[in-house]
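>>> Following is a predicted model, sequence given first.
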Amino acid sequence: MQLVFVGPPGVGKGTQSEWLSSFLAIPHLSTGDMLRASVEQKTDIGKSAQGFIQDGKLVPDDIVIEIVDSRLDEEDCRNGFLLDGFPRTLEQAEMLDQRLASRGMPLSLVLELTADESQLLQRLVDRGRDDDSPEVVRKRFQIYRNQTKPLLGYYDEKNILKSIDGSGTREEVREHIRLAVRQQGLEA
Ligand code: AP5
Ligand code: MG
């Protein structure tokens, strides 16, 4: 099964992916984590991506698509995967659909997590990652609204979108997700 988490910065995509990927026995693919690892390793991709991440801007589509596409070729993705933070633009979504169609592995479910920006700003400032200053977080929210939210309509039309309230405790959100996954008939 092929799943995607969509949602604003700080809503819990990474947190919930950790248990959901083990619950469903599929790998967790976070483009944010992959890009930060490339920055750390000072690879060419990392050097190109670093400035965008620091400023809270999206890394260009071609770079991100390349990373995801080569990751999907790895052995552990043969029974599916959970994407976190990708796709984030319509162009990425269309490219993903094409690549998955050619593999005969269409998306099974897109889970949207929702919460108020004021609550999320507080979570991120408390976490304190390099790109979690209030100024950069506001930029990331704005980009989410303008560039990523249009994906919700795109997936809703395909009847694979489920929206989940991400504002409760980690455990409450986990139960909402568990129910949504079960309703879709997706259990390991
Ligand atoms: P990315 O790493 O994906 O960051 P993000 O989407 O902004 O989201 P976060 O990882 O900050 O939040 P999350 O939803 O995972 O929440 P988390 O579980 O960590 O992307 C970073 C950058 O990389 C982008 O800005 C861009 O530059 C680049 N990039 C990545 N993907 C890209 C793409 N596809 N295209 C182009 N560029 C891309 O939780 C946040 C905090 O809240 C944690 O401390 C957590 O412990 C806490 N928390 C979680 N759930 C709860 C809860 N229920 N209650 C209380 N606290 C909670
Ligand atoms: Mg994350």
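Yes, it's here. Numbers count the residues shown, from 1 in each chain. Ligands and ions are numbered 1, 2, ... in the order given.
>>> Now do the helices in the protein.
Secondary structure of the chain (DSSP state H): helices located at 13-24, 31-40, 44-55, 61-72, 90-103, 117-127, 134-143, 150-157, 170-183.
>>> so which of the ones you listed gets nearest ligand 1?
helix 31-40 (1.9 Å; CB to the nearest ligand atom). In this view, the C-beta of every residue, glycine as well, is placed from N, C-alpha and C.
>>> What helices and strands are in contact with the closest one?
With contacts taken as 3 or more CB pairs under 8 Å, 6 or more residues apart in numbering; DSSP states H and E, helix 31-40 sits against helix 44-55, helix 61-72, strand 81-84.
>>> For the protein, which residues score under the pLDDT cut-off?
Scanning the chain with the threshold set as pLDDT under 70 gives 188.
>>> Enumerate the residues of it near ligand 2.
Residues of the chain lying near ligand 2 by CB under 5 Å from the ion: Lys13, Gly14.
>>> Contact distance from ligand 1 - what residues of the chain qualify?
Neighbours of ligand 1 within the chain, by CB under 6 Å from any ligand atom: 7, 9-15, 31-32, 35, 52-53, 56-59, 64, 85-86, 88, 92, 123-124, 127, 140, 169-170, 173.
>>> nearest to Gln2, of the helices of the chain?
helix 90-103 (6.5 Å; CB to CB).
>>> Can I get that closest one as PDB, trimmed to CA atoms?
This file holds the C-alpha atoms of helix 90-103, laid out as PDB (Å, rounded to 0.1, in the frame of the first residue of the first chain):
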ATOM      1  CA  LEU A  90       0.900  19.900  -8.000                       C
ATOM      2  CA  GLU A  91       3.900  19.300 -10.200                       C
ATOM      3  CA  GLN A  92       5.300  16.900  -7.700                       C
ATOM      4  CA  ALA A  93       1.900  15.200  -7.300                       C
ATOM      5  CA  GLU A  94       1.600  14.700 -11.100                       C
ATOM      6  CA  MET A  95       5.100  13.400 -11.400                       C
ATOM      7  CA  LEU A  96       4.600  11.000  -8.500                       C
ATOM      8  CA  ASP A  97       1.400   9.700 -10.200                       C
ATOM      9  CA  GLN A  98       3.300   9.100 -13.400                       C
ATOM     10  CA  ARG A  99       6.100   7.300 -11.700                       C
ATOM     11  CA  LEU A 100       3.800   5.200  -9.600                       C
ATOM     12  CA  ALA A 101       1.600   4.300 -12.600                       C
ATOM     13  CA  SER A 102       4.700   3.000 -14.400                       C
ATOM     14  CA  ARG A 103       5.400   0.800 -11.400                       C
END
